[in-house]
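Colleague: Make a model of this:
(one chain, ligands or ions: 1)
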Amino acid sequence: MPTEPKKVLCIHDLSGAGRCSLAVILPVLAVMGVQPVALPTMLLSTHTGGLGAPARLDCEAYGHAALAHYRELGLAFDCIYTGYLGSEALVDLAAEAFRLWPDALKVVDPVMADGGRPYSGFAPSVIDKVRDLCRQASLILPNLTEARLLLGLDPALPDVISDGEALDLAGRLTGLAGRVVVTGLPMGKFVGCAGAGDEPFVVRHLHIDRSFPGTGDLFGAIVTGSLLRGNVLSAAADAAAGFVAQAIQQTPRTADTRFGVWFEPLLPRLAPMPEF
Ligand code: PXL
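Modeller: Model (predicted):
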């Protein structure tokens, strides 16, 4: 039998400029030693966060044809990782992949909102479908705004959140999925994430007062790669949050934040140690 690294089916958009989604996830997973298989949900010239109205191509029909081809080939996926699904039909595409590969680890990053507001195009009906998809996941990775929307709460954000409140929020989301990490928690001088499902945990990193698109995608890809390398969830989340904090620090103050963090020079730090 030929051997292959673990394969991750990545169902997410491909935004040309702006360092987010597949443009971030593919290099991260590849350098971590797992094999990403890209299934773009949509092609966009840029993300939707402040670079004007992007050119878009919906890839729903392509996506169903690609899934059928992978089945025909007999490909097995160790993990299915879903992200930006900008319509109800694209959420159905992700659910179809879960149905076809029931044994895969199912990681859902419910990309739909940030900064207290849904992204453009995320009507309540799409949010409801994303919540249903989360019910089928092994692990969900919402930011604080998404966590609040998933729980049916007002998405407006508190200025600060305590460890107890963060753990409570993550714990309540285990009503949807077995394991949960809530990211982007404002904790005074720190930004934190809180996990639930195994051992509850909170990890904190120094808060840097600039925000960028794509940091959630960077976080999600590192958590996924790290879990596939056999780490426990709290270690995976700590590694991911630490890398995101470093990438923000590496990004010059003069950089246009709309183009994301300058993570590329740091990628070698994610490579597995060689075995001697
Ligand atoms: O990084 C999140 C993201 C992914 N994909 C698209 C986006 C955003 C955030 O704005 O617009 C298309």
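Colleague: Surely Gly52 touches Thr46?
Modeller: Yes. Between Gly52 and Thr46 there is a contact under Cβ atoms under 8 Å: 7.3 Å. Bear in mind the C-beta positions are built from the backbone N, C-alpha and C, glycine included.
Colleague: Between the two, which has more neighbouring residues?
Modeller: Taking neighbours as other Cβ atoms under 10 Å, Gly52 and Thr46 compare with Thr46 leading, 20 against 9.
Colleague: what pLDDT does that one get?
Modeller: What the model reports for Thr46 is a pLDDT of 97.
Colleague: Surely it touches Ser15?
Modeller: Yes. Counting by Cβ under 8 Å, Thr46 touches Ser15, with 5.7 Å between them.
Colleague: What parts of the stretch 1-150 of the chain come near the ligand?
Modeller: Asp13, Ser15, Cys20, Ser21, Leu44, His47, Thr48, Gly49, Tyr84, Val111, Tyr119 (Cβ under 6 Å from any ligand atom).
Colleague: Dump those residues to TSV, plus neighbour count and secondary structure.
Modeller: As requested, those are exported to TSV (neighbours: other Cβ atoms under 10 Å; DSSP: H, G, I helix; E, B strand; the rest coil):
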residue	neighbour count	secondary structure
Asp13	26	strand
Ser15	29	strand
Cys20	30	coil
Ser21	29	coil
Leu44	23	strand
His47	25	coil
Thr48	21	coil
Gly49	19	coil
Tyr84	27	coil
Val111	25	coil
Tyr119	18	coil
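Colleague: Closest one of those to Arg269?
Modeller: Using Cβ to Cβ, Cys20 comes nearest to Arg269 of those, at 20.2 Å.
Colleague: isn't the closest one right next to Gly214, touching?
Modeller: Yes. Cys20 lies in contact with Gly214 (Cβ under 8 Å); the separation is 3.3 Å.
Colleague: quick one: common contacting residues for these two?
Modeller: Residues touching both Cys20 and Gly214 (Cβ atoms under 8 Å, 6 or more residues apart in numbering): His47, Gly260.
Colleague: Off-centre distance for stretch 249-266?
Modeller: Remark: stretch 249-266 is offset 19 Å from the chain centroid, using Cα atoms, centre = their mean, to the nearest Å.
Colleague: SS state for the closest residue to Thr41 other than its chain neighbours?
Modeller: In space, Thr41 comes closest to Leu90 once its chain neighbours are excluded; the distance is 4.7 Å by Cβ to Cβ, 6 or more residues apart in numbering. Following DSSP: H, G, I helix; E, B strand; the rest coil, Leu90 is assigned to helix.
Colleague: number of nearby residues for Leu90?
Modeller: 22.
Colleague: OK, contacts around it?
Modeller: Thr41, Met42, Asp58, Glu60, Gly63.
Colleague: again with Gly86
Modeller: Going by Cβ under 8 Å, 6+ apart, the list of residues near Gly86 reads Asp13, Thr41, Met42, Asp58, Gly121, Phe122, Val126.
Colleague: change it to 10 Å
Modeller: By Cβ atoms under 10 Å, 6 or more residues apart in numbering, the contact set of Gly86 is 13, 41-42, 44, 48, 56, 58, 60, 111-112, 119-122, 126.
Colleague: Then Ser138?
Modeller: Contacts of Ser138 by Cβ under 10 Å, 6+ apart are 79-80, 98, 104-108, 177-179, 197, 227.
Colleague: That one - nearest residue in space that isn't next to it in sequence?
Modeller: Using Cβ to Cβ, 6+ apart, the closest residue to Ser138 is Lys106 (4.7 Å).
Colleague: what bridges to the one you found?
Modeller: Ile80 (DSSP bridges).
Colleague: From what I see, it and Ala137 are in contact.
Modeller: Yes. The pair Lys106 / Ala137 is scored as a contact, 4.7 Å apart, by Cβ atoms under 10 Å.
Colleague: Overlap in contacts, those two.
Modeller: Ile80, Thr82, Ala94, Phe98, Ala177, Gly178.
Colleague: Quick check: the residue nearest to Thr41 vs the ligand, distance?
Modeller: 11 Å (Cβ to the nearest ligand atom, to the nearest Å).
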